[in-house]
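Undergrad: Give me coordinates for this.
(chains A and B, ligands or ions: 2)
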Amino acid sequence: MDILESVKMASKTLLANKLRSTLTMLGIIIGNASVIAMVGIGEGAQRFVSGQFESLGTNVLFIVPGNRDAQRTTVDLPRTLVLEDAEAIATQVPTVAAVAPQLHSRELVTYRNRNTYSLMVGTNPDFSIVRSFDTERGRFITDLDVKRNNQVVTLGVDLAERLFGNQDPIGQQIRIRNVSFLVIGVMEAKGSVLGTNYDDSAYIPITTMASRIIGKNSPYGVNLTFISVSAQNEASVDAAQFQITNLLRLRHKITREDDFSVESQKDVLEIAGTVTGALTIMLAAIAGISLLVGGIGVMNIMLVSVTERTQEIGLRKAIGATQDDVLIQFLIEAVILSAAGGLLGTALGVGGVLLIGAFTPFQAGVSPIAIALAVGVSGGIGIIFGVVPARRAAQLDPIVALRSA
Amino acid sequence: MEHYSSHSPIGIAQRDDDAVATTIVRLENVFKIYGAGETEVQALADVSLTVEQGEYCAIMGASGSGKSTAMNIIGCLDRPTKGHYYLDGVDVANLNDTELAHIRNRKIGFVFQQFHLLPQSTALENVMLPMVYAGISTSERRDRATEALQRVGLGNRLNNQPNQLSGGQQQRVAIARAIVNQPVLLLADEPTGALDSKTTQEVLEIFGELNASGITIVMVTHEPDVARKTQRIVWFKDGQVIHSHLTPSDINRVATS
Ligand SMILES: Nc1ncnc2c1ncn2[C@@H]1O[C@H](COP(=O)(O)OP(=O)(O)OP(=O)(O)O)[C@@H](O)[C@H]1O
Ligand SMILES: [Mg+2]
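TA: Residues are numbered from 1 along each chain as shown, chains lettered A, B, ... in the order given. Ligands and ions are numbered 1, 2, ... in the order given. Predicted coordinates:
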């Protein structure tokens, strides 16, 4: 008996029991839909995160205080990165194009009767270059502002809107922690990057930030939250990373572990990549388990089917079906169930992925590999979980089977 | 594998050597023992029996006397524990399961008490089924199945499902299925056991016609009226053949003894 004949026979049986076939497929359908959707979401998250890092600016290096490998928890260490470090990098590292020291603090901002807590970023003019982040109106802080501790502020677009509404903020006075500042510009819209909304922040000279807002300095100088640096070009990123590390080791008189780390965008992307990669794998594993459960469902129903159709099997054998004929017939039934379930589930998963893409910032991807894998795996599941019932059917003794009325 | 394909493709059991009587079934000192030790049952104890080509033969005997066991062995659904069985000259003991399946497919037709039709298939599809396993093309299957159904008087019921047919009609579909591969031997285990007297007559008429056309028939029955329609009666008792060539007129005498 050829395969086509077996397929016809199996389809006929499955169609005769539509409800049961559908319910059996349901497990596989759900399994596949979740594999496709989960992997899609995982990939979407990965793409989202790397998109975020790319929007931080090109050729960017971050110098952060402390050591990311060795979390020392015993003492609250003094911040190790100071303004002089940033100045030294700017003057002594040739591969660096711009250096923006950053000192962050969340402060109460007031304009007349409106007030709000927002992120204050104390920095210098290079910030705008490093982050490729420009003003929309007015101007950004200048070297002169930094030098003179000027009480001037450039507002993020959302913050400006919240404080001033439709009114032009430029030339107005606002109060930050009760210190009066002159608004000199409004930034262009940048959006949220890695949880920090740069549109809801305000930018003031780092010197003013240190002396008027934070108010306390270590004996070593102005402590920084971190330093953003842009290398001259993509090729010089590694050299800049190396030179900055050496310079800071010298300046900090490091003999053992570094008390800072220099992270390139690539490093950060890699960390994020491993995190989202792990997320994808975890989601896929959960989905895979549901596929497995679907397979067990197929086996369960096939076993029931063999028991119910004992007489049919006996009859088929009596009129000349070989063990292989019966085995193949039942295997094909299982494979059709799971492969059809696989296809339907994949369609459902793709639909879900497209919906997620339409309604969330996660541009979830439909991965052809995931589709091929899911359909292949479901077919395989049909074979694996179909073998036990099919063998049971094939090995039935026709005499016993025919008698089982 | 093709050593048993000697029968003619056109007629049923028309053989080249018609003139010489051919032995279709030859059981030689066959034993069938179920279980072991304390629970051992000798379903067949030293049965020797031959059925010649063209015979129409009934097997009778008390319940549990081994009739079905003998039929199963004759039908190659089972193997003897001991002894030899030659079907159409072939020693069945030496064949494996797949070869036995082929023998059942091409040389034997079964008719059962409970019809055993596939409920979701039409009469035509049920009759086509043995030819599916014989690897016959779809168009030929259809032609031959139609022909077989016409032969049992169901030419107008091709596309009815079993539940749309009476018991007698269902059994006739089963008979059509049994003869469609042109077997050398038609085996029927209590074919009228589930039928009333009228439909029993229909079925027996068909058996008579089939036998007249040359098919060898062996039928198990409990009903003397059914057995009387055959030419020869084999009587089983306690797993043994106690009479192998009774005539229909001998029945009353044996049945009461
Ligand atoms: N699979 C089996 N295992 C054990 N004993 C069996 C088995 N099949 C049949 N027997 C026994 O073998 C004996 C013969 O059984 P068989 O079915 O051949 O009788 P029968 O003549 O067909 O009876 P009936 O007229 O009731 O159909 C019985 O004693 C039965 O219990
Ligand atoms: Mg019996």
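Undergrad: can I assume B:Pro130 is in contact with A:Ala321?
TA: No: look at B:Pro130 against A:Ala321 with CB atoms under 8 Å: they stay out of range, at 9.2 Å. Placement of C-beta: from N, CA and C, glycine included.
Undergrad: How far off centre is stretch A:38-57?
TA: Taking the mean of its C-alpha atoms, stretch A:38-57 sits 5 Å from the chain's own mean (CA atoms, centre = their mean, to the nearest Å).
Undergrad: cool, stretch B:33-40 as well?
TA: 28 Å.
Undergrad: That one - what's its average pLDDT?
TA: The predicted model gives stretch B:33-40 an average pLDDT of 90.
Undergrad: That stretch vs chain A: in contact?
TA: No: against chain A, stretch B:33-40 shows no contacts by CB under 8 Å from any CB of the partner chain, the least distance being 11.2 Å.
Undergrad: Now stretch A:155-167: buried residues?
TA: When burial is assessed from 16 or more other CB atoms under 10 Å in any protein chain shown, stretch A:155-167 yields the following buried residues: A:155-164.
Undergrad: er, stretch A:86-98 I mean
TA: Neighbour counts using 16+ other CB under 10 Å place A:86, A:88-90, A:93, A:95-98 of stretch A:86-98 among the buried residues.
Undergrad: could those residues be laid out in TSV, adding pLDDT and distance to chain B?
TA: Formatted as TSV, the entries for these read as follows, by pLDDT from 0 to 100; distance: CB to the nearest CB, whole Å:
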residue	pLDDT	distance to chain B
A:Ala86	91	82
A:Ala88	92	87
A:Ile89	93	82
A:Ala90	92	84
A:Val93	91	82
A:Thr95	92	78
A:Val96	92	80
A:Ala97	92	78
A:Ala98	93	78
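Undergrad: could you dump the residues you listed to TSV with distance to A:Ile244 and secondary structure?
TA: Written out in TSV, the entries for these read as follows (distance: CB to CB, whole Å; DSSP: H, G, I helix; E, B strand; the rest coil):
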residue	distance to A:Ile244	secondary structure
A:Ala86	10	helix
A:Ala88	9	helix
A:Ile89	6	helix
A:Ala90	11	helix
A:Val93	6	coil
A:Thr95	9	coil
A:Val96	7	strand
A:Ala97	13	strand
A:Ala98	13	strand
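Undergrad: Closest to ligand 1 out of the residues you listed?
TA: When those are compared for distance to ligand 1 (CB to the nearest ligand atom), A:Thr95 wins out at 89.9 Å.
Undergrad: any chance you could read off phi and psi for that closest one?
TA: phi -80, psi 0 (degrees, to the nearest 10).
Undergrad: Look up how far A:Ile89 lies from it.
TA: When distance is defined by CB to CB, to the nearest Å, A:Thr95 is 10 Å away from A:Ile89.
Undergrad: low-confidence ranges in the stretch 151-257 of chain B?
TA: Counting by pLDDT under 70, the stretch 151-257 of chain B contains low-confidence ranges at B:255-257.
Undergrad: those helices in it, which residues are they?
TA: B:167-179, B:197-212, B:224-227, B:251-256 (DSSP state H, counting those that start in this stretch).
Undergrad: Need the winner for burial among those.
TA: Among the helices of the stretch 151-257 of chain B, judged by mean count of other CB atoms under 10 Å in any protein chain shown, the one packed with the most neighbours on average is helix B:167-179 (a mean of 25).
Undergrad: what about that helix, near chain A?
TA: Yes: Helix B:167-179 reaches chain A (CB under 8 Å from any CB) through B:Arg177.
Undergrad: can you list the buried residues of stretch A:86-98 in JSON lines and add distance to B:Leu210?
TA: Converted to JSON lines, the buried residues of stretch A:86-98 look like this (distance: CB to CB, whole Å):
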{"residue": "A:Ala86", "distance to B:Leu210": "106"}
{"residue": "A:Ala88", "distance to B:Leu210": "110"}
{"residue": "A:Ile89", "distance to B:Leu210": "105"}
{"residue": "A:Ala90", "distance to B:Leu210": "108"}
{"residue": "A:Val93", "distance to B:Leu210": "105"}
{"residue": "A:Thr95", "distance to B:Leu210": "101"}
{"residue": "A:Val96", "distance to B:Leu210": "103"}
{"residue": "A:Ala97", "distance to B:Leu210": "101"}
{"residue": "A:Ala98", "distance to B:Leu210": "102"}
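Undergrad: can you list the residues of chain A near chain B?
TA: Residues of chain A that fall close to chain B, judged by CB under 8 Å from any CB: A:1-2, A:5, A:9, A:12-13, A:16, A:311-312, A:314-325, A:398-399, A:402, A:405.
Undergrad: Pass me the low-pLDDT residue ranges in the stretch 1-150 of chain B, would you?
TA: Those would be B:1-21, if you go by pLDDT under 70 across the stretch 1-150 of chain B.
Undergrad: Can you pull up the most central residue in chain B?
TA: Relative to the mean C-alpha position of chain B, the nearest C-alpha, by CA atoms, centre = their mean, is the one of B:Leu187, at 0.6 Å.
Undergrad: that older thread, using JSON lines, please lay out the helices of the stretch 151-257 of chain B together with distance to ligand 1.
TA: JSON lines is the format used below for the helices of the stretch 151-257 of chain B (distance: least, CB to the nearest ligand atom, whole Å):
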{"stretch": "helix B:167-179", "distance to ligand 1": "18"}
{"stretch": "helix B:197-212", "distance to ligand 1": "17"}
{"stretch": "helix B:224-227", "distance to ligand 1": "13"}
{"stretch": "helix B:251-256", "distance to ligand 1": "14"}
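Undergrad: No further queries at this time; thank you.
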